[in-house]
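Engineer: Okay, here's the prediction I keep looking at, along with the sequence it came from:
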Amino acid sequence: MFTSGTTGRPKGVMAAHLPTILAFKAWANVVNLRHGDRYLVVNPFFHTFGYKAGWIAALMAGATVFPEQVFDADAILRRIQDDRISFLPGPPTLFLTMLAHPRLKDFDLSSLQSAVTGAATVPPILITRMRDDLGIANVTTAYGLTECGGCATICEPSDDADTVAYTCGHALPGTELRCVDERNQPVPAGQPGEVVLRGYHVMKGYFEDDKATAETIDSEGWLHTGDVGVLDERGYLRITDRLKDMFIVGGFNCYPAEIERMLADHPDVAQVAVIGVADGRMGEVGCACVVARSGVQIDSESFIAWCRAKMANYKVPRYVLQLESLPVNASNKVQKRELVQVVAKRLQTRSAEPVA
């Protein structure tokens with residue numbers, strides 16, 4: 001299976017069958033995927049979320065699979081109603097789009113019992129609305145990457161909305177999980193570090209790429225994810241960002257995912273992505289690329305004022321760019337590299353000016 005390529009050229013990941021079966025049997029048990037469930041698979045089959053958490057997990061659980069080729073909110077809501085769908089995993093964008101549908105209340109969604117989300121910033125209000133407005137009793141989030149078979153940590157359905165939104169849950173049984181510093185030493189609970197994993201489901205290596213394999217899996221078998229995270233006292237993991245996405249404002253490390261999570265609470269924001277852009281005085285500053293809720297025009301100065309009341313000054317974006325949509329790949333992950341190009345063009349044409 002190939003990586004999604006959001007941070008570079010896709011790489012072929014070699015994974016064995018038995019670890020995949022064991023990992024997603026454990027996944028299915030935690031998320032309450034059961035015999036008789038009616039599973040709407042919206043995620044693409046070339047991706048772990050659609051293939052392993054979709055087809056393989058459903059096959060082992062005895063659930064019925066309803067494949068959906070292309071995501072369309074109206075079609076999804078109609079299928080949930082007509083086919084009595086009970087289980088629906090997907091990225092946050094899927095559920096945000098459903099919740100924004102103008103005729104949401106016209107559909108009978110009473111059959112929908114369980115959902116799994118993740119792979120992007122998850123605001124707590126989304127978890128609350130999935131439970132309250134969509135009537136989904138069991139909402140969980142998980143974390144994984146192709147290199148570890150697709151799943152490494154997961155929340156429990158009984159976890160509260162903040163835990164489900166702000167963390168990715170605890171390690172799957174049989175998975176060792178750490179956050180480490182630059183010297184590869186474990187950091188204390190509550191301190192950020194690179195997320196490293198070790199367990200039966202870690203890949204055998206990258207296909208025909210020994211160099212990349214050696215750079216990713218160390219001599220002790222730890223898979224270096226390139227993600228920055230924090231482990232709490234319970235062993236629950238919170239991903240703060242990709243190491244490659246971090247930017248530095250006046251000497252302070254800024255993690256876009258942390259800022260995005262706070263910006264997602266703004267009442268006019270439907271979707272948001274943050275990137276770093278060059279700045280003559282600070283070295284780099286943040287740029288918030290915002291998709292507004294339907295019919296709303298975001299005022300940059302008011303938006304920045306709202307930000308100043310919510311976060312430390314160095315985290316406040318200096319640029320606000322309103323877009324019709326964010327560039328995403330087939331897995332619905334935001335393509336930050338494309339976003340950097342869009343912002344660069346706007347800055348060159350001076351259609352995006354610093355607000356502060």
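Structural biologist: Here it is on my side, so go on. Numbers count the residues shown, from 1 in each chain.
Engineer: From now on I want contacts and neighbour counts done on CA atoms only, so please keep to that.
Structural biologist: OK.
Engineer: which of the residues in stretch 20-40 are buried?
Structural biologist: For stretch 20-40, a neighbour-count test (16 or more other Cα atoms under 10 Å) marks 20-21, 23-28, 31-34, 37-40 as buried.
Engineer: same thing with stretch 229-244?
Structural biologist: Using 16+ other Cα under 10 Å as the test for burial, stretch 229-244 gives 229-231, 236-242.
Engineer: Then stretch 75-83?
Structural biologist: 76-81.
Engineer: List the contacts of that stretch.
Structural biologist: The contact list for stretch 75-83 (Cα atoms under 8 Å, 6 or more residues apart in numbering) reads 38, 40, 85-86, 98, 104, 107-112.
Engineer: which ones among those residues are found in helices?
Structural biologist: Met98 (DSSP state H).
Engineer: Out of the contacts of stretch 75-83, which is nearest to Pro67?
Structural biologist: Comparing these against Pro67 with Cα to Cα picks out Leu40 as the nearest, at 5.9 Å.
Engineer: show me what contacts the spatially closest residue to that closest one that is not a sequence neighbour?
Structural biologist: Residue nearest to Leu40 in three dimensions, not counting chain neighbours: Phe66, with 4.7 Å by Cα to Cα, 6 or more residues apart in numbering. Phe66 makes contact with 38-41 under the criterion Cα under 8 Å, 6+ apart.
Engineer: so what pLDDT did Phe66 get?
Structural biologist: Looking at Phe66, its pLDDT is 97.
Engineer: Tell me the strands beside the helix or strand that contains it, with direction?
Structural biologist: Take DSSP states H and E as the rule and Phe66 turns out to sit in strand 64-67. Applying DSSP bridges, strand 64-67 is found paired with strand 38-41 (parallel).
Engineer: which residues are contacting the strand it pairs with?
Structural biologist: Outside strand 38-41, the residues that touch it by Cα under 8 Å, 6+ apart are 50, 54-55, 58, 63-68, 80, 83-89.
Engineer: swap the cut-off to 6 Å and go again
Structural biologist: For strand 38-41, the external contacting residues (Cα atoms under 6 Å, 6 or more residues apart in numbering) are 63-68, 85-88.
Engineer: hmm, which of the contacts of stretch 75-83 are the buried ones?
Structural biologist: Among the contacts of stretch 75-83, those classed as buried by 16+ other Cα under 10 Å are 38, 40, 85-86, 98, 104, 109, 111-112.
Engineer: And the residues you listed, which is closest to Ala292?
Structural biologist: For the buried ones among the contacts of stretch 75-83, the nearest to Ala292 is Met98 (15.4 Å; Cα to Cα).
Engineer: OK, contacts around Phe247?
Structural biologist: Here Phe247 is in contact with 254, 276 (Cα under 6 Å, 6+ apart).
Engineer: quick one: buried residues of the strand holding Phe66?
Structural biologist: Neighbour-count burial for strand 64-67 flags 64-67 (criterion: 16+ other Cα under 10 Å).
Engineer: pLDDT below threshold where in the stretch 101-250 of the chain?
Structural biologist: Within the stretch 101-250 of the chain, the segments meeting pLDDT under 70 span 119-121, 243.
Engineer: quick one: the helices in it?
Structural biologist: 124-132, 161-166, 210-216 (DSSP state H, counting those that start in this stretch).
Engineer: Please give the element, helix or strand, for the residue nearest to Val272 when sequence neighbours are not counted.
Structural biologist: Closest residue to Val272 in three dimensions, ignoring its sequence neighbours and counting by Cα to Cα, 6+ apart: Val290, at 4.5 Å. Per DSSP H and E, Val290 falls inside strand 283-292.
Engineer: got the contact list for that strand?
Structural biologist: 248-249, 268-278, 317-325.
Engineer: Kindly give a single PyMOL line that selects the buried subset of those.
Structural biologist: Buried subset of these, written as a PyMOL selection, criterion 16+ other Cα under 10 Å:
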select buried, resi 248+249+268+269+270+271+272+273+274+275+276+277+317+318+319+320+321+322
